[in-house]
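> with the sequence up front, the predicted model follows.
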Amino acid sequence: MSELTEQASGTSTRWTLGLPPVDYVLGHVRAVLPDRVVDDAWIAVRDGRIAEVAPQPAGSEADVDGAGLLCLPGVVDVHSDGLEREILPRPSARLPWEFAILSFEGKLRAAGVTTVFHGASFEEGTSPSTQRSIARTRELIATVTARGTAPVDHRLLHRLDVRSPEGIAALRERFDTLPDPDDMPLLVSHEDHTPGQGQYADRRHYERYVAGTRGLSDGEAKDHVDQLIVEREGRLTVREEALGWLGGLARSKAIRLLGHDPASAVEIDELVARGGSVAEFPTTLEAAEAARERGLPVIAGAPNVLRGGSHAGNVSGSDLAARGLLTALASDYLPSGLTAAAFLLATRAVMSLPAAIALITGGAAEAAGLTDRGRLAAGLRADLVLLQAGDPWPVVRSVLRAEETF
């Protein structure tokens, strides 16, 4: 028995409301490691970090009995648009920001999410379902910043519509007034949702989307999309300015750049040339294969896996997982979809349980550029999730997020 084990077996820790103590031992769990599951394991935590993951020593006692539940690292959601939907559950029913983030935080906790990157969209009025605007984005950023890191680590993913001059100006202003990041580069995703390319390569999917969210007839939706394409085709110089500016920031390591909806190997090559680090929601198999060949992490949407395919007719996330091309899953708009999608992949034997869990923990942390979380390993944050396995749907039973003492 190691010195740590001897110390841990004799500990007696009192729990305080809200956060676990900085020192405790969690026992009798099935620990999900990156390459295997350790049955009847215990996890010793010291100063809010994992000190040891090992088989439960015979005759030892822990501070907390995990009762045979699965224990996995805290879920990392690298792309969430849920908060902007939480504040606007119906088109005319806007809620206060402070309430919305608390309400959404409850959903994150119930989903086992301990780190979330909220999408902050720098665009003006192009999303028919969420009424995105620069003013609303500033409110979202202020709310997320004020909420901070407990009991969920709230962070930002800056989403720039590369054909929005208002979005570019607002993002420039934000970056000009921010201090240098002290732990990691800012996350930025560039996107171009012009119908007829990218996510909506088949514009009919966008027409149906607009018709459903705005209550338009098929003809009205077609006319609307025709007009939108004309307007956005007139902004190609804006697009080039945006990509050039972001490329300079990425190559200087001021930002970590994600390419949203890449559709081809050529687009992946262009992303790499401008300093991009991640392929986010590639729309084709070709783009995903090219990204992995170039060493880029690949992110897919958990709802894509749950639905059995893309709502816009793009490549299947399950297919990418089966081919070994997937690095991470993101909730997109559905936090509960993360563990559900991972277990669906495992129960359908698309991949092993450790590999599937890695898509929402270690792989997601890698995509975000985080090195201090995402695995049950000594020295990393003790963000832990206790989960009851299902066939296929799991249930999160408890979330133990490390207190900030380091």
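Looks like it came in fine.
> state the distance from residue 265 to residue 290.
With distances taken as CB to CB, to the nearest Å, residue 265 is found 4 Å from residue 290. C-beta here means a position set from N, CA and C on the backbone, and glycine is covered the same way.
> where does the stretch 251-400 of the chain have low pLDDT?
311-312 (pLDDT under 70).
> helices along that one, start to end?
265-273, 285-293, 302-307, 317-322, 337-347, 353-358, 362-368 (DSSP state H, counting those that start in this stretch).
> okay, now residue 83: neighbour count?
By the other CB atoms under 10 Å criterion, the neighbourhood of residue 83 contains 26 residues.
> now residue 19
15.
> quick check: closest non-adjacent residue to it.
residue 403 (4.7 Å; CB to CB, 6 or more residues apart in numbering).
> my guess is the one you found meets residue 24, correct?
No. Using CB atoms under 8 Å, residue 403 makes no contact with residue 24, being 10.9 Å away.
> quick one: the residue nearest to residue 19 is in a helix?
No. Looking at residue 403 with DSSP: H, G, I helix; E, B strand; the rest coil, it is coil, so not inside a helix.
> quick one: end-to-end distance for stretch 295-306.
Using CA to CA, to the nearest Å, the end-to-end distance of stretch 295-306 comes to 26 Å.
> for stretch 64-74, same thing?
17 Å.
> got it, and stretch 50-62?
15 Å.
> buried residues in stretch 19-28, which are they?
Buried residues in stretch 19-28, defined by neighbour count with 16 or more other CB atoms under 10 Å: 20, 22, 23, 24, 25, 26, 27, 28.
> any chance of the residues you listed in a markdown table, plus distance to residue 237?
Shown next, in a markdown table, are the buried residues of stretch 19-28 (distance: CB to CB, whole Å):
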| residue | distance to residue 237 |
| --- | --- |
| 20 | 53 |
| 22 | 54 |
| 23 | 58 |
| 24 | 58 |
| 25 | 60 |
| 26 | 56 |
| 27 | 62 |
| 28 | 62 |
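> nearest to residue 106 among the residues you listed?
Closest approach to residue 106 among those (CB to CB): residue 20, at 18.4 Å.
> can you tell me the helix or strand for that closest one?
For residue 20, there is no host helix or strand (DSSP states H and E).
> measure it to residue 151 for me?
Residue 20 is 10 Å from residue 151, by CB to CB.
> now the common contact residues for the two.
residue 401 (CB atoms under 8 Å, 6 or more residues apart in numbering).
> on that earlier part again, Throw the buried residues of stretch 19-28 into CSV and include secondary structure, thanks.
As requested, those are exported to CSV (three-state DSSP):
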residue, secondary structure
20, coil
22, coil
23, coil
24, strand
25, strand
26, strand
27, strand
28, strand
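> and the residue of the chain most remote from its centre, what pLDDT?
Relative to the centre of the chain, the most outlying C-alpha is that of residue 59, 40.1 Å out, by CA atoms, centre = their mean. Looking at residue 59, its pLDDT is 85.
> and what of residue 186?
pLDDT at residue 186 comes out at 94.
> residue 197 too?
For residue 197, the pLDDT comes out at 68.
> likewise for the one 5 residues further on?
In the prediction, the pLDDT value recorded for residue 202 is 69.
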